[in-house]
Every structure is written in structure tokens, then in C-alpha cells.
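Q: heads up, no residue letters with this:
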């Protein structure tokens, strides 16, 4: 299947993913409608649409790297920002 960005165009795909993540975060912070659905959902839905319109590939070694290194590093970084006591008290 031919896509606008080929699976082996590593730098272009990394740049696209970083740019799309930045756009999603910007939309979440700037617009009220986007903050209701969150930047993560905007990024996921946008990536699904772009993959279905053959702009980005559905499989690439870049995605494997993201799931192997970036996501496991992002989870603790997000937890560092959380208020554990507030979560504990509200969760019961």
C-alpha cells in the first residue's frame, strides 16, 4: 500500500508524529472544545484518519520504537505531575 509518508522514512515520520502531538496539545490548551476531549484523543483520532487516508503508514519501525521507549517513559513523567494524596482520597 502506498502512503504519502513511507514506513522507512524514519526522520519524516518522527517529525510528523512530533508535530501532530504538538498540534494536539496546542488545540487542547487553546480551545475549550478540544480540552473537553483531551489532546490524547485528538492525536489518536487524527492519526487514525491520516492512516485511513493513506497519508501515514499503518505499520512502521518508528511505531515500535514509540511503544517500546516513549510510552513507558511518558507514563512515569505524567505520574510525577499527579497529586497522589488527592487521588488516594478521592478514589476511596
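A: Thanks, I have the structure now. On a predicted model such as this, the values are computed, not experimentally measured, just so you know.
Q: what kind of secondary structure is the closest residue in space to residue 10 that isn't next to it in sequence in?
A: Nearest residue to residue 10 in three dimensions, chain neighbours excluded: residue 62, at 5.9 Å (CB to CB, 6 or more residues apart in numbering). C-beta coordinates here come from the backbone N, C-alpha and C atoms, glycine included. The three-state label given to residue 62 by DSSP: H, G, I helix; E, B strand; the rest coil is helix.
Q: Tell me, how many residues neighbour residue 62?
A: Residues within reach of residue 62, counting by other CB atoms under 10 Å, total 21.
Q: That one is in contact with residue 12, isn't it?
A: No. Look at residue 62 against residue 12 with CB atoms under 8 Å: they stay out of range, at 9.5 Å.
Q: Which helix or which strand is home to residue 51?
A: Using DSSP states H and E, residue 51 sits within helix 39-52.
Q: neighbouring contacts of that helix?
A: Counting contacts by CB atoms under 8 Å, 6 or more residues apart in numbering, the residues outside helix 39-52 that touch it are 20, 21, 23, 24, 25, 27, 28, 29, 34, 56, 57, 58.
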